[in-house]
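Asks: Sequence first, then the predicted structure, then my questions.
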Amino acid sequence: TEWPTYQELSSVYDAVSTYWDRTAYPNAGLHERLVQMPKKTGCVSLLLASITPDRMIHTDEAMQWALCENMRPVFPWEMQAFAVQYPHALSGIRVVSLGHWVKSKKWFSPRNVPHVYCMGQDVCLDHSPLDRFWLNGTRFLFALS
């Protein structure tokens, strides 16, 4: 689905942050590069990119890199499909999707973007603020434009 419920997410992942509950997705938004883009079905070429593993980088820098490489953020359902199809790619790393965000119910909270990772055998879904510096080795999921 375009904006899955907490129950739907829980059926995909072994562990889901309670942040992604059923009340969060009505406040969800797509990245500006995705808003007017037609939502195609079928195969999509995705890239799991560790842009600069030797230092921290800001979200804006990651997005600028993607633009220069003719890539776009992924739609929410593309990230879910990736996590289900390639759980081994999440081992020991955090994979971040900059394609959609959810604003907290609290006015002072930032917009948050999802990230997936493995903890043991479990595939987990959590969130992090969109406007931030990312730790060394964080990987971003992009699609070819």
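Replies: Structure received.

Asks: N112 versus the closest residue to P73 other than its chain neighbours, what's the distance?
Replies: Distances taken as CB to CB, 6 or more residues apart in numbering place G99 nearest to P73, at 3.4 Å, with adjacent residues excluded. Heads up, the C-betas are built off the backbone N, CA and C, glycines and all. Per CB to CB, to the nearest Å, G99 is found 13 Å from N112.

Asks: which residues are common contacts for those two?
Replies: The contact sets of G99 and N112 do not overlap (CB atoms under 8 Å, 6 or more residues apart in numbering).

Asks: before we move on, back to that, isn't the residue nearest to P73 right up against L34?
Replies: Yes - G99 lies in contact with L34 (CB atoms under 8 Å); the separation is 5.8 Å.

Asks: Now for the two: what residues contact both?
Replies: Listed as contacting both G99 and L34 by CB under 8 Å, 6+ apart are R72, P73, F75.

Asks: Looking at these, spot the one nearest R132.
Replies: Nearest to R132 among the shared contacts of G99 and L34: P73, at 15.6 Å, using CB to CB.

Asks: List the contacts of the worst-scoring helix or strand of the chain on mean pLDDT.
Replies: The helix or strand of the chain with the lowest confidence, counting by mean pLDDT, DSSP states H and E, is strand 46-49 at a mean of 79. Outside strand 46-49, the residues that touch it by CB under 8 Å, 6+ apart are 65-66, 71, 74, 78, 82, 89, 95, 139-144.
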